Every structure is written in C-alpha cells, then in structure tokens.
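Student: Quick one, structure for this:
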Amino acid sequence: MQPLEWINLGLGLVLGLLTLLFILRIVLTWYPQANLGQFPFNWVATPTEPFLVPTRKIIPPIGGVDISPVIWVAIISLLRELLVGEQGLLYLLWR
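Tutor: Alright, predicted model coming up:
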C-alpha cells in the first residue's frame, strides 16, 4: 500500500469512529438517568465532550434538547465525504 492509501484508510476509520461515537451520544441523550462518568458510558462521553462543550456555547440547547451532537455528526459526515469519499480530495489524489 502507498502512503496516501494508508492516510486515506486511517482518516476514513477515524472519522467513521467519531461519527459512531456521536450517534451513540445522541442515543444517550434519550436516557438522562445514564451516568456519563460511569463505564461503559464514559467511553462515549470522554472523546466527544471536548467537541460538544464549545458547540454548546455557540448553540445552546433548544427547548431543553442538546443538538450539538447532531451538528457534529453532520460536520464529520461532510468532512468524510469531502476527504475520503468516492470523489473526495484524498481519493482523487490517490487515483
């Protein structure tokens, strides 16, 4: 494999994992009794919280609903498509 292939694969996996973590974070918002500091919930909360804190300062919860994880799913999905998608920048450079 060429170096650009490894970068493409690695970046795709990282962005995919982040998307999954944010989707799990959205699901956890449906269960307010879940303690995010306790295992296994902290595996989802710890890597996502640094992204969510500044986003909540810009876009506060609307009607008590925190939409910041939804915003990050959209941002990461867009980045993944632009960089490593079928017509993404890294994919086109690799070809």
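
Student: Which stretches in the chain count as helices?
Tutor: Under the criterion DSSP state H, the chain carries helices at the ranges 3-28, 42-58, 68-84, 89-94.

Student: Out of the ones you listed, indicate the one that is most buried.
Tutor: Ranked by mean neighbour count under mean count of other Cβ atoms under 10 Å, the helices of the chain are led by helix 68-84, which reaches a mean of 17. Using the backbone N, CA and C atoms, a C-beta is placed for each residue, glycine as well.

Student: okay, the angle between it and helix 3-28?
Tutor: In this structure, helix 68-84 runs at an angle of 160 degrees to helix 3-28, with axes from the mean of the first three to the mean of the last three Cα atoms, to 10 degrees as the basis.

Student: So Leu15 sits against Leu82, correct?
Tutor: No. Under the criterion of Cβ atoms under 8 Å, Leu15 lies out of contact with Leu82, with a separation of 10.3 Å.

Student: would you list the helices of the chain in TSV and tack on mean pLDDT and distance to Ala34?
Tutor: Converted to TSV, the helices of the chain look like this (pLDDT from 0 to 100; distance: least, Cβ to Cβ, whole Å):
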stretch	mean pLDDT	distance to Ala34
helix 3-28	91	5
helix 42-58	95	9
helix 68-84	94	14
helix 89-94	75	36
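
Student: Serialize those to CSV and add fields for distance to Asn35.
Tutor: Formatted as CSV, the entries for the helices of the chain read as follows, by distance: least, Cβ to Cβ, whole Å:
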stretch, distance to Asn35
helix 3-28, 10
helix 42-58, 9
helix 68-84, 18
helix 89-94, 39
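
Student: of all these, which lies closest to Leu36?
Tutor: Shortest separation from Leu36 across those is recorded for helix 42-58, at 3.9 Å, computed as Cβ to Cβ.

Student: Can you work out which other helices and strands pack against the closest one?
Tutor: In this structure, helix 42-58 packs against helix 3-28, helix 68-84, with contacts taken as 3 or more Cβ pairs under 8 Å, 6 or more residues apart in numbering; DSSP states H and E.

Student: and it, how far from the chain's centre?
Tutor: Here the centre of mass of C-alpha atoms in helix 42-58, compared against the chain's by Cα atoms, centre = their mean, to the nearest Å, lies 10 Å away.
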